[in-house]
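A.B. asks: build the 3D model from these lines:
(one chain, ligands or ions: 1)
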Amino acid sequence: MSKVFVTRVIPGDALAKLRAAHDVEVWDGALPPDPAALRAGVADADGLLCLVTDRIDRALLEAAPNLRAIANYAVGSDNIDLDVARERGVAVGITPDVLTEATADLAFALLLAAARRLPEAAGAVRSGAWRTWEPAGWLGADVHGATLGIVGFGRIGRAVARRATGFEMTVLATRQTPLNELLERSDFVSLHCPLTPQTHHLIDGDALALMRPTAILVNTARGGIVDQVALAQALREGTIAGAALDVTDPEPLAADDPLLGAPNLLVLPHIGSATRTARARMTEIAVANLLAALDGQPMPYPAG
Ligand code: DGY
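C.D. replies: Reported below is the predicted structural model:
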């Protein structure tokens, strides 16, 4: 029986399978364990089930001498130093596929909400500011027939493209279209690449300047892909028309972060995979990854 540290209470019942085979400790705080608590949790652990909110760096890995397996409760793995894990012989797994459609749905929801100004319109109803049907009120952008640029054409990017065909959109993807051309031609730009040193601040001031003044940026990938100082400036100056973000850097943004003061901005609390089914299936996959690795088998869903 191995010791496993789980860094948060997670949905679904698959954790019972892990408990049946191993000695499982679950951090039950509403907030993630702080670095000291995380270090204490992994000190004698053989397995770790962690979240995007946990930073698994060299110091943490060196504080976990017995650790053999990490199951990240996410399709991304940018919170984990994969090179150090590899160096130390620690297997790392992720939860792909099961959250693809949920995340693509949310990207499209953000695109539609920003295009049709849903947050402002709903806010006007609630505040009583809406007085009558207005011929020129809440005019937004057409989604049907528009051009969508998809940056990162992996599982989620392709799922967004499938939705776009139902709206008869022209889809450009970075796989076939150079990024600069995609930015210049798109009415909507949706980000779906992983966060790596190469994609950090990929969407910076220069990239935003290439976009159309009517364009909307959607990000359901990772906050670090966008230079948020440049984005705030682009929104204030009207370089682009709007942005709809499920992810930011950091998360959450401080209440006084200048980005939150920018106009035409919608920000959600990183809920791309937050459907009951997707989150329960993420638990199943994370558990399957840990059970395999702790049994000396390859993980079914390895990172990288
Ligand atoms: C992921 O899976 O990487 C998400 O950001 C969390 O669901």
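A.B. asks: CA atoms for contacts and neighbours, from now on please.
C.D. replies: Noted.
A.B. asks: now do the same contact list for the closest residue to the ligand within the stretch 1-150 of the chain.
C.D. replies: Nearest residue of the stretch 1-150 of the chain to the ligand, counting by C-alpha to the nearest ligand atom: residue 74, 3.1 Å away. Applying C-alpha atoms under 8 Å, 6 or more residues apart in numbering to residue 74 gives the contacts 51, 52, 94, 95, 96, 282.
A.B. asks: can we see that at 7 Å?
C.D. replies: 51, 52, 94, 95 (C-alpha atoms under 7 Å, 6 or more residues apart in numbering).
A.B. asks: domain ranges for the protein, per the record?
C.D. replies: Annotated domains of the chain cover 3-96+276-294, 100-267 [automatic domain parsing].
A.B. asks: just to revisit the earlier point, okay if I get the contacts of residue 74 as JSON lines plus neighbour count and pLDDT?
C.D. replies: Formatted as JSON lines, those follow (neighbours: other C-alpha atoms under 10 Å; pLDDT from 0 to 100):
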{"residue": "51", "neighbour count": "21", "pLDDT": "98"}
{"residue": "52", "neighbour count": "16", "pLDDT": "98"}
{"residue": "94", "neighbour count": "23", "pLDDT": "98"}
{"residue": "95", "neighbour count": "29", "pLDDT": "98"}
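A.B. asks: ok, and which of those residues reach the ligand?
C.D. replies: Filtering the contacts of residue 74 for proximity to the ligand (criterion: C-alpha under 6 Å from any ligand atom) leaves nothing.
A.B. asks: on that earlier part again, tell me which element the residue of the stretch 1-150 of the chain closest to the ligand is part of?
C.D. replies: Using DSSP states H and E, residue 74 is not contained in any helix or strand.
A.B. asks: now residue 25
C.D. replies: Residue 25 is part of strand 23-26 when elements are defined by DSSP H and E.
A.B. asks: tell me the gap between that strand and the middle of its chain.
C.D. replies: Between the centre of strand 23-26 and the centre of its chain there are 27 Å (C-alpha atoms, centre = their mean, to the nearest Å).
A.B. asks: what's that strand in contact with?
C.D. replies: 1, 2, 3, 4, 5, 6, 7, 8, 9.
A.B. asks: of those, just the buried ones, PyMOL syntax please.
C.D. replies: Buried members of those, defined by 16 or more other C-alpha atoms under 10 Å, are picked up in PyMOL with:
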select buried, resi 2+3+4+5+6+7+8
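A.B. asks: re earlier: need the contacts of residue 74 in TSV with secondary structure, can you?
C.D. replies: Listed next are the contacts of residue 74 as TSV, based on DSSP: H, G, I helix; E, B strand; the rest coil:
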residue	secondary structure
51	coil
52	coil
94	coil
95	coil
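A.B. asks: and those residues, which is closest to residue 188?
C.D. replies: residue 52 (26.8 Å; C-alpha to C-alpha).
A.B. asks: just give the nearest non-adjacent residue to the closest one, would you?
C.D. replies: residue 79 (5.9 Å; C-alpha to C-alpha, 6 or more residues apart in numbering).
A.B. asks: repeat for residue 113
C.D. replies: Closest residue to residue 113 apart from its sequence neighbours, by C-alpha to C-alpha, 6+ apart: residue 119 at 7.0 Å.
A.B. asks: wait, a helix at residue 92?
C.D. replies: No: Residue 92 is assigned strand when assessed by three-state DSSP, not a helix.
A.B. asks: re the thing from before, take the domains of the chain and write them to a markdown table, including distance to residue 303.
C.D. replies: Below are these laid out as a markdown table (distance: least, C-alpha to C-alpha, whole Å):
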| stretch | distance to residue 303 |
| --- | --- |
| domain 3-96+276-294 | 5 |
| domain 100-267 | 12 |
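A.B. asks: quick one: closest of those to residue 301.
C.D. replies: domain 3-96+276-294 (5.4 Å).
A.B. asks: which residues of this protein lie near the ligand?
C.D. replies: 74, 75, 76, 273.
A.B. asks: how about the secondary structure of the last one?
C.D. replies: Looking back up the chat, that one is residue 273. Applying three-state DSSP: residue 273 is coil.
A.B. asks: can you give me the strands in the stretch 151-300 of the chain?
C.D. replies: With DSSP state E, counting those that start in this stretch applied, the stretch 151-300 of the chain shows strands at 170-173, 188-191, 216-219, 242-245, 265-267, listed in chain order.
A.B. asks: dump the ones you listed into JSON lines; add mean pLDDT as well.
C.D. replies: Shown next, in JSON lines, are those (pLDDT from 0 to 100):
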{"stretch": "strand 170-173", "mean pLDDT": "98"}
{"stretch": "strand 188-191", "mean pLDDT": "99"}
{"stretch": "strand 216-219", "mean pLDDT": "99"}
{"stretch": "strand 242-245", "mean pLDDT": "98"}
{"stretch": "strand 265-267", "mean pLDDT": "98"}
